[in-house]
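**Q** With the input below, show me the fold.
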Amino acid sequence: MNIANAALPERPGLRKKDRRPWALWLALAAIVAVGAALAWNVVLGAAETARSDASTSAESAAGAPRGKATLGYARTSAAKDSQPSATVNVNVPTTTVEVVTRPSVLRLTGVLVPDEKSEVASNASGIVQEMRVDRGSRVEQGDVLARLDATDAENDLAEGEAAAEELRVRLGLDQAKDDWSVEDQPEVQAAKAAVDLAIANFQRLTELRDQGAISHADYDQAEMEGRSARERYLQAVQQARQLYQSYQTALTRLRALRKAVDDTTVKAPFRGWVCEKFVAPGERISVGPGGGGKVALLLRIDPIRLSLTVPQQSAGMVKEGQKAVFQVDSYPGRTFTAATRYISPAVDNATRSLTVEATVGNPDYALRPGMFATADLELAGQAQDLFVPAAAVQREGDVARLFVARGGVAHEVVVSTGATVGKRTRILSGLEPADVIVLAPEKVRDGDRIQ
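**A** Numbers count the residues shown, from 1 in each chain. I've put the predicted structure just below:
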């Protein structure tokens, strides 16, 4: 018998179709349970969202997020919900903000540059015979920097002097006198005498011709001799003048030859310092149309110039003669005062800034070209600096705080500080001139009532 095909016996009173409603009821119960679980999760999420929104609204009503330093912001006791309640009537000393009035300034940066800078060069070509300076040498105006071999120049000068002396003797000039007359020349005087004689002879022959004592041929010959004598006189005058001009040309060439000798000595054009030398003994200096012949770099640093870069928007505030108080990193704590003297007529297209130069005396040569400087350029008008006792400022890392007494309550304020000099700290921002400062910040908390 096939067991799979055998029919199960039925229980009395239960038919096959009566078992289906129980399965339906079990499926409906499972669906209801899953729906209830999902609904409960939705309710919990809505409650959490409501609590988050309430917390955000409370923080916004407090005025600023807790724990974030805000410049000039004074936290109230309502924002400090995690701290104990405020102390009442704390007795602490207070003081007012010290206000110092000073001229209004424009903070600028700049660099020191020499008052004069010259690459001293030689006018002559030749071999360097002697170099008298080196880097760092201090020279006065006219001091010798280098000498070139002057043998050829001196020989040319001697030849020019001999030629000029020959012409001077030929003209019969006295070195002690500078006057010269063409009529004083022997050739001119001889020609003048011949002219006078020819004129006298011609006059006598004219009288004899009128008397019929001489022939016309003798008269014509005498007339011709007079004209020839006059031409010889004019020629003698012209030659004497040419000779004198040749002498003047020789004197001019002589001055050029003397200058050529002088050019073999290179001198300092002004007082200053040698920053660099370009040649050494034995080197040849060649001077051409394109330049060359550099010997040394000379700087004048007393006075020295401070070149400042002024932004375009501040260019209208700069005037000639304004004071610029500046410092350099090489001398901490030391200040220098310069006066603006040179203002560029145009704004630089690349940087949109104006170049201004101020001059300052540098007798001890402490300031050197190339030093970076920070300067305060004094402007028209007045400005105020705020100072508080250094003990009133509390620091947490880069954040500076202090307590301000307002309406009998201590308010913690975040401030921006400047330099501390002695027992005073400069406050750049975060305070008002009328504020009252708590001197013992360690004894109070934000929101405490103070006396």
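**Q** who's in contact with the residue nearest in space to the middle of the chain?
**A** Nearest to the geometric centre of the chain sits Ser307, at 3.2 Å (CA atoms, centre = their mean). By CB atoms under 8 Å, 6 or more residues apart in numbering, the contact list for Ser307 reads Gly110, Val111, Leu112, Val113, Thr355, Val356, Glu357. Placement of C-beta: from N, CA and C, glycine included.
**Q** Not counting sequence-adjacent ones, nearest residue to the last one?
**A** Which is Glu357. Excluding the flanking residues, the one nearest Glu357 by CB to CB, 6 or more residues apart in numbering is Tyr342, at 4.1 Å.
**Q** low-scoring stretches of the chain, by residue?
**A** For the chain, applying pLDDT under 70 flags the ranges 1-27, 29-30, 32-89, 175-178, 290-291.
**Q** Buried residues, the longest strand seen in it. List them.
**A** Assignment by DSSP state E gives strand 98-121 as the longest strand of the chain. Going by neighbour count (16 or more other CB atoms under 10 Å), the buried part of strand 98-121 is Val105, Leu106, Leu108, Gly110, Leu112, Val113, Pro114, Asp115, Val120.
**Q** cool, and stretch 429-443?
**A** Across stretch 429-443, burial judged by 16+ other CB under 10 Å covers Gly430, Leu431, Asp435, Ile437, Val438, Pro441, Lys443.
**Q** Can I get it as CSV, trimmed to CA atoms?
**A** Taking C-alpha atoms only, stretch 429-443 is exported to CSV below (Å, rounded to 0.1, in the frame of the first residue of the first chain):
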residue,chain,number,x,y,z
SER,A,429,40.1,96.0,19.7
GLY,A,430,37.3,94.7,22.0
LEU,A,431,37.2,97.6,24.5
GLU,A,432,35.7,101.1,24.6
PRO,A,433,37.5,104.1,26.2
ALA,A,434,34.8,104.3,28.9
ASP,A,435,35.0,100.7,30.0
VAL,A,436,35.9,99.8,33.6
ILE,A,437,38.3,96.9,34.0
VAL,A,438,38.5,94.3,36.8
LEU,A,439,42.0,94.2,38.2
ALA,A,440,41.6,90.7,39.8
PRO,A,441,40.2,88.5,37.1
GLU,A,442,41.0,85.3,39.0
LYS,A,443,38.4,86.3,41.7
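**Q** So the residue nearest to Val100 when sequence neighbours are not counted versus Lys423, what's the distance?
**A** Leaving aside its sequence neighbours, Val100 sits nearest to Asp385 (CB to CB, 6+ apart; 4.6 Å). Distance, Asp385 to Lys423, by CB to CB, to the nearest Å: 16 Å.
**Q** repeat for Ala191
**A** From Ala191 to Lys423 the distance is 105 Å (CB to CB).
**Q** who's more crowded, the two?
**A** Neighbour count, other CB atoms under 10 Å: between Ala191 and Lys423, Ala191 has more, with 22 against 9.
**Q** Can you list the buried residues in the host helix or strand of Ser307?
**A** Per DSSP states H and E: Ser307 is located in strand 294-311. Within strand 294-311, the residues scored as buried using 16+ other CB under 10 Å are 294-308, 310.
**Q** could you point out the longest helix in the chain?
**A** If each helix of the chain is counted by residues according to DSSP state H, the longest one is helix 216-263.
**Q** starting at the chain centroid, how far to the very next helix or strand once past that helix?
**A** With elements assigned by DSSP H and E, the helix or strand that comes after helix 216-263 is strand 265-267. Taking CA atoms, centre = their mean, to the nearest Å, one finds the center of strand 265-267 at 31 Å from the center of the full chain.
**Q** try stretch 347-367
**A** 4 Å.
**Q** rewinding a little: farthest pair within the buried residues of strand 98-121?
**A** Using CB to CB, those span at most 39.5 Å, a distance reached by Val105 and Val120.
**Q** picking that back up, right, and the residue nearest to Val100 touches Arg424 too?
**A** No - in this structure, Asp385 is not within contact of Arg424 by CB atoms under 8 Å, at 10.0 Å.
**Q** same for the helix or strand hosting Trp273, what does it pack against?
**A** Using DSSP H and E, Trp273 falls within strand 272-277. Counting contacts by 3 or more CB pairs under 8 Å, 6 or more residues apart in numbering; DSSP states H and E, strand 272-277 packs against strand 138-139, strand 294-311.
**Q** In TSV, list those along with distance to Leu28.
**A** Putting those into TSV (distance: least, CB to CB, whole Å) gives the following:
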stretch	distance to Leu28
strand 138-139	111
strand 294-311	81
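**Q** Among these, which comes closest to His216?
**A** Distance to His216, taken as CB to CB, is lowest for strand 294-311 among the helices and strands packed on strand 272-277, at 81.7 Å.
**Q** rewinding a little: just the buried residues of stretch 429-443 now: which is nearest Glu396?
**A** Set against Glu396, the nearest of the buried residues of stretch 429-443 by CB to CB is Pro441 (11.8 Å).
**Q** I'd like the distance between the spatially closest residue to Asp376 that is not a sequence neighbour and Val274.
**A** Setting aside the residues directly before and after it, Asp376 is nearest to Val105 in space (CB to CB, 6+ apart), at 3.9 Å. Separation of Val105 from Val274 (CB to CB): 37 Å.
**Q** Also Val295?
**A** For Val295 relative to Val274 (CB to CB), the value is 10 Å.
**Q** Now do the shared contacts for these two.
**A** Leu145.
**Q** Convert stretch 168-185 to CSV, retaining C-alpha atoms only.
**A** Taking Å, rounded to 0.1, in the frame of the first residue of the first chain, the C-alpha atoms of stretch 168-185 are listed here in CSV:
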residue,chain,number,x,y,z
ARG,A,168,104.6,129.4,-29.2
VAL,A,169,108.3,130.2,-29.9
ARG,A,170,107.5,130.6,-33.6
LEU,A,171,104.9,133.2,-32.8
GLY,A,172,107.2,134.9,-30.3
LEU,A,173,104.6,134.7,-27.5
ASP,A,174,105.5,135.3,-23.9
GLN,A,175,104.2,132.7,-21.5
ALA,A,176,103.5,135.4,-18.9
LYS,A,177,101.3,137.3,-21.4
ASP,A,178,98.3,136.1,-23.2
ASP,A,179,97.9,139.1,-25.6
TRP,A,180,98.7,138.6,-29.3
SER,A,181,98.6,141.0,-32.3
VAL,A,182,99.1,140.0,-35.9
GLU,A,183,100.8,143.3,-36.6
ASP,A,184,103.5,142.4,-34.1
GLN,A,185,104.7,139.4,-36.2
